[in-house]
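Trainee: Need a 3D model of the sequence below.
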Amino acid sequence: MKKAKKKLAEDFTALLSQTHQEIQKAIGQNETALAMDLLSQCQEGAVNLGNMIESEEGEDAATIPLLEDYCELIYQIYEKLRTDQPQEAAQGYMDLCSSLTHIQKSVREDITVCREAVFLPYKASMWDSLESVWKAADEDPQWDAYVIPIPYYDKNPDGSFREMHNERDQYPAYVPITSYETFDFSAHKPDMIFIHNPYDEYNYVTSVHPFFYTKNLKKFTEKLIYIPYFVLDEPDPESETDMENIKHFCTVPGVYNADQVIVQSENMQKLYVNILAKETGEDTRPYWEEKILGLGSPKFDKVADTAEKDLMIPESWKHFLYRPDGARKKVILYNTSVGALLDKGEQMLKKMQDVFQIFKDRQEDTALLWRPHPLIKATISSMRPQLWQEYEKLVDQYKMEGWGIYDDSADLDRAITLCDAYYGDGSSLVQLCQKAGKPVMIQNTEILEHI
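Mentor: Numbers count the residues shown, from 1 in each chain. The predicted structure follows:
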């Protein structure tokens, strides 16, 4: 039974106990009509309680026959009052109280609580930051785990919302999806809610639906848990430079509002604590040390658990991956980031053209798998519309020439598993590829061979 419903059952039996006192008082004062009315209310409530327990626990639930006996005792007392036998009714009252005591004990001990964990991803490509935690909850019989992809909006430059997206159809087939439109958070009050978007309204490019801002989600759960959708280079917790570089990841609503924050390592935990203690006062350090946990990132778990033999490789990719003789080419994962485009602009576009030409000339032995950051469109089209038009032309040309793979799917781990090496901008993919034992090279946008 859900914890909230068990609490409802416990509260209702406590209310029955209070009503018993009123029944005893009414019988003692010869207020027969009132006593009979209260007994009727107790019986109706007991029947409703029995129906709820049966629907949750099944008809064999230990509490059901106790409620049936209770209702029979109510009937007997009611009949004695109806036939003007108040002394016999008073004697039956003691049996009724004893019966209720047994019911309360059964509700407390025989009904087990099934706890609820709700996972609220917004980008399907970032699901790997929650998946291993969901799997653990889903496999535990004492937990009900719900995956509820939530809607998000692109933003206009003035911060207003543009079109709404929901990527619920892009998750792996083995992940059961629950619609956010049908899940009643007030009724469920899940024990834990997991999120990977910490920004609430403070992201310039996108925003999850305001209902799913962390300040609102806290109303519906005892424990709101934030796990970052990214991993970063391992920091030096005492480095002022690292603190400055990572500060903007720490000082966000999700970190402040969550009950727990799970980060990728103990060093990262120490850095978060140092930053947050500096921001909010050294006396808050114990609070942050308890709240921030360096348990590791589920993204690392996903990379470790993904094997090439288990991948669903699109048929359209295979002629890129294999030579005519069936030998597999070397696969280079080329990753382009939002930050590099914003920072380098036209120079970044030239660099991309240069990279494409290099790998186009080597396509007989090497396959390029280009995977742009999933937020490039939303970010660049909003913040740099002219740059977006030029970037879009480059994407169209790459696809039209048809010599390399363009991967904008949600399946990040397929690309990491397939590749033999990583090339491109600094990003979470660097750490993930390193964890997978893949060589990594970061591109320098200033170095061009063909342009």
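Trainee: From Met312, how far off is the residue sitting furthest away from the middle of the chain?
Mentor: Relative to the centre of the chain, the most outlying C-alpha is that of Asp84, 61.6 Å out, by Cα atoms, centre = their mean. Separation of Asp84 from Met312 (Cβ to Cβ, to the nearest Å): 78 Å. (Each C-beta comes from the backbone N, C-alpha and C, glycine too.)
Trainee: list the contacts for Ile292?
Mentor: By Cβ atoms under 8 Å, 6 or more residues apart in numbering, the contact set of Ile292 is Gln260, Val261, Val263, Gln269, Tyr272, Val273, Leu276.
Trainee: Please report how far it lies from Ile262.
Mentor: According to Cβ to Cβ, Ile292 and Ile262 sit 8 Å apart.
Trainee: what do you get for Leu16?
Mentor: Counting by Cβ to Cβ, the gap from Leu16 to Ile262 is 42 Å.
Trainee: got it, and Ile195?
Mentor: According to Cβ to Cβ, Ile195 stands 11 Å off from Ile262.
Trainee: ok, those two, which is more surrounded?
Mentor: Ile195 (27 against 20; other Cβ atoms under 10 Å).
Trainee: Now do the more buried one against Gly28, distance only.
Mentor: 56 Å.
Trainee: Check Ala9 too.
Mentor: For Ala9, the distance to Gly28 (Cβ to Cβ) stands at 29 Å.
Trainee: Identify the residues contacting the nearest residue to Trp127 once chain neighbours are set aside.
Mentor: With Cβ to Cβ, 6 or more residues apart in numbering as the criterion, Trp127 has its nearest non-adjacent residue at 4.9 Å, and that residue is Pro121. Contacts for Pro121 (Cβ under 8 Å, 6+ apart) come out as Trp127, Ser129, Leu130, Val147, Pro149, Ile150, Tyr171, His196.
Trainee: Relative to Glu59, which of those residues is nearest.
Mentor: Nearest to Glu59 among those is Val147, at 30.5 Å by Cβ to Cβ.
Trainee: follow-up on the earlier one: settle it for me: which of Ala9 and Gly28 has more neighbours?
Mentor: Ala9 (21 against 12).
Trainee: wait, that one sits on Ile53?
Mentor: Yes - judged on Cβ atoms under 8 Å, Ala9 makes contact with Ile53 at a distance of 6.7 Å.
Trainee: okay, and the common contacts of these two?
Mentor: In contact with both Ala9 and Ile53: Met1, Val107, Ile111, using Cβ under 8 Å, 6+ apart.
Trainee: What about those, which are in helices?
Mentor: Per DSSP state H, helices hold the following members of the shared contacts of Ala9 and Ile53: Val107.
Trainee: As a markdown table, the shared contacts of Ala9 and Ile53 with distance to Asp184, neighbour count and pLDDT would be great.
Mentor: Formatted as a markdown table, the shared contacts of Ala9 and Ile53 follow (distance: Cβ to Cβ, whole Å; neighbours: other Cβ atoms under 10 Å; pLDDT from 0 to 100):
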| residue | distance to Asp184 | neighbour count | pLDDT |
| --- | --- | --- | --- |
| Met1 | 17 | 19 | 81 |
| Val107 | 23 | 22 | 93 |
| Ile111 | 21 | 19 | 89 |
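Trainee: can you tell me which of the shared contacts of Ala9 and Ile53 lies nearest to Leu333?
Mentor: Of those, the one sitting nearest to Leu333 (Cβ to Cβ) turns out to be Met1, at 47.3 Å.
Trainee: For that closest one, list the residues it contacts.
Mentor: By Cβ under 8 Å, 6+ apart, the residues touching Met1 are Ala9, Ile53, Glu56, Glu57, Ile111, Thr112, Val113, Cys114.
Trainee: next one: Ser265
Mentor: Shown in contact with Ser265 (Cβ under 8 Å, 6+ apart): Glu234, Gly294, Gly296.
Trainee: Then Lys218?
Mentor: Contacts of Lys218 (Cβ under 8 Å, 6+ apart): Leu224, Asn257.
Trainee: Likewise for the one 10 residues further on?
Mentor: For Pro228, the contact set (Cβ under 8 Å, 6+ apart) comprises Ser129, His196, Pro198, Phe249, Val263, Gln264, Ser297.
Trainee: got the residues you listed as TSV, with neighbour count columns?
Mentor: Formatted as TSV, the contacts of Pro228 follow (neighbours: other Cβ atoms under 10 Å):
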residue	neighbour count
Ser129	27
His196	23
Pro198	23
Phe249	18
Val263	26
Gln264	23
Ser297	27
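Trainee: and which of those residues is nearest to Lys351?
Mentor: Of all the contacts of Pro228, the one sitting nearest Lys351 is Phe249; the distance, using Cβ to Cβ, is 26.1 Å.
Trainee: for that closest one, helix, strand, or coil?
Mentor: helix (DSSP: H, G, I helix; E, B strand; the rest coil).
Trainee: from what I can see it touches Leu232, true?
Mentor: Yes - using Cβ under 8 Å, Phe249 makes contact with Leu232 at a distance of 7.4 Å.
Trainee: separation between Glu72 and Ser99?
Mentor: 9 Å.
Trainee: Comparing these two, which shows the higher neighbour count?
Mentor: Ser99 (19 against 12).
Trainee: returning to that earlier point: and for the residue farthest from the centre of the chain, nearest residue in space, chain neighbours not counted?
Mentor: Excluding its sequence neighbours, the residue lying closest to Asp84 (Cβ to Cβ, 6+ apart) is Thr32, at 7.9 Å.
Trainee: quick one: the strands in the stretch 101-250 of the chain?
Mentor: 115-120, 143-147, 152-155, 161-165, 192-195, 206-208, 223-226 (DSSP state E, counting those that start in this stretch).
Trainee: before we move on, the earlier item: quick check: neighbours shared by Ile195 and Ile262?
Mentor: By Cβ under 8 Å, 6+ apart, Ile195 and Ile262 have these common neighbours: Ile225, Tyr226, Ile227.
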